[in-house]
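A.B. asks: from the sequence below, what's the structure:
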Amino acid sequence: MVRDVGITPCSLIGNRKLVQTVLEQASRKRFSQEKIDLLLSRAKESIGTQQGDETVNHQFRMIADFLDFVEKQVKEVNVELRKRMTETPCPITSLGIGTKLAATILAESGDVTMFAGPEKYSAFCGLDPSEYKSGDSIQGRTPISKRGSPLLRWAMYMSAVTVCKKHHDFNRIFERHTHRGYRYAMIAVAHKLARVIWRLMKDNHDFTKRPPKRTW
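C.D. replies: Okay, the predicted model is just below:
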């Protein structure tokens, strides 16, 4: 609509039928005729100046073209990213994590050998408790430190959602902490996941489930 009609009040009012059609399509016909009429009447009563309408509309068209260009580039990058992640073995994807999240973790982590252990890597992700607790336990209401890369922390959190659905061990950690809230439980999983990912990347081997414990 920005390209065909423009965005200024005069442009909208002068192309009433086209504006109505676009709004109906964009809202999937959830905009009633009364609502569309109200929007157009408000545009008619707008105190916006009529001077320079074409210049304003032209600027908005340029912005729309730029956004389309960026969206096209993002799609091309994602295609190339999936291709490279498929061609290059990555231990992280063995957890069932998607290529975008795996690539984000790889890019933000850098060389994991510079971390002395999984605790240091978890701290780099900002997922370590402000007060240190061992294992996957984050006791009490102690907040996470939120140090390091926010993007890496986000990728770990989103990956934690995935591994909870795919692996019983991670889901068990989640269930253990659900009484403290969904977000708290998922952070506990992300904390454990960061430690596991450190080991996978350091040893360069795929994730394997633990063998069942012997009962004899």
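
A.B. asks: what comes up buried for stretch 88-104?
C.D. replies: By neighbour count with 16 or more other Cβ atoms under 10 Å, stretch 88-104 contains the buried residues 90-93, 95, 97, 99, 101-104. Placement of C-beta: from N, CA and C, glycine included.

A.B. asks: would you turn the residues you listed into JSON lines with secondary structure and pLDDT?
C.D. replies: Compiled in JSON lines, the buried residues of stretch 88-104 are given as follows (DSSP: H, G, I helix; E, B strand; the rest coil; pLDDT from 0 to 100):
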{"residue": "Cys90", "secondary structure": "coil", "pLDDT": "86"}
{"residue": "Pro91", "secondary structure": "helix", "pLDDT": "91"}
{"residue": "Ile92", "secondary structure": "helix", "pLDDT": "92"}
{"residue": "Thr93", "secondary structure": "helix", "pLDDT": "90"}
{"residue": "Leu95", "secondary structure": "helix", "pLDDT": "93"}
{"residue": "Ile97", "secondary structure": "coil", "pLDDT": "92"}
{"residue": "Thr99", "secondary structure": "helix", "pLDDT": "88"}
{"residue": "Leu101", "secondary structure": "helix", "pLDDT": "92"}
{"residue": "Ala102", "secondary structure": "helix", "pLDDT": "92"}
{"residue": "Ala103", "secondary structure": "helix", "pLDDT": "91"}
{"residue": "Thr104", "secondary structure": "helix", "pLDDT": "92"}
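
A.B. asks: wait, which of the residues you listed is closest to Ala188?
C.D. replies: Leu95 (16.6 Å; Cβ to Cβ).

A.B. asks: do you know how far the closest one is from Met201?
C.D. replies: Using Cβ to Cβ, to the nearest Å, Leu95 is found at 11 Å from Met201.

A.B. asks: do the same with Lys166
C.D. replies: Distance from Lys166 to Met201, by Cβ to Cβ: 19 Å.

A.B. asks: more neighbours: which of these two?
C.D. replies: Legend: neighbour count by other Cβ atoms under 10 Å for Lys166 and Met201, higher for Met201 (20 against 11).

A.B. asks: which residue ranges make up the domains of the protein?
C.D. replies: 9-83, 89-203 (automatic domain parsing).

A.B. asks: what's the closest non-adjacent residue to Thr104?
C.D. replies: Excluding the flanking residues, the one nearest Thr104 by Cβ to Cβ, 6 or more residues apart in numbering is Ala155, at 4.2 Å.
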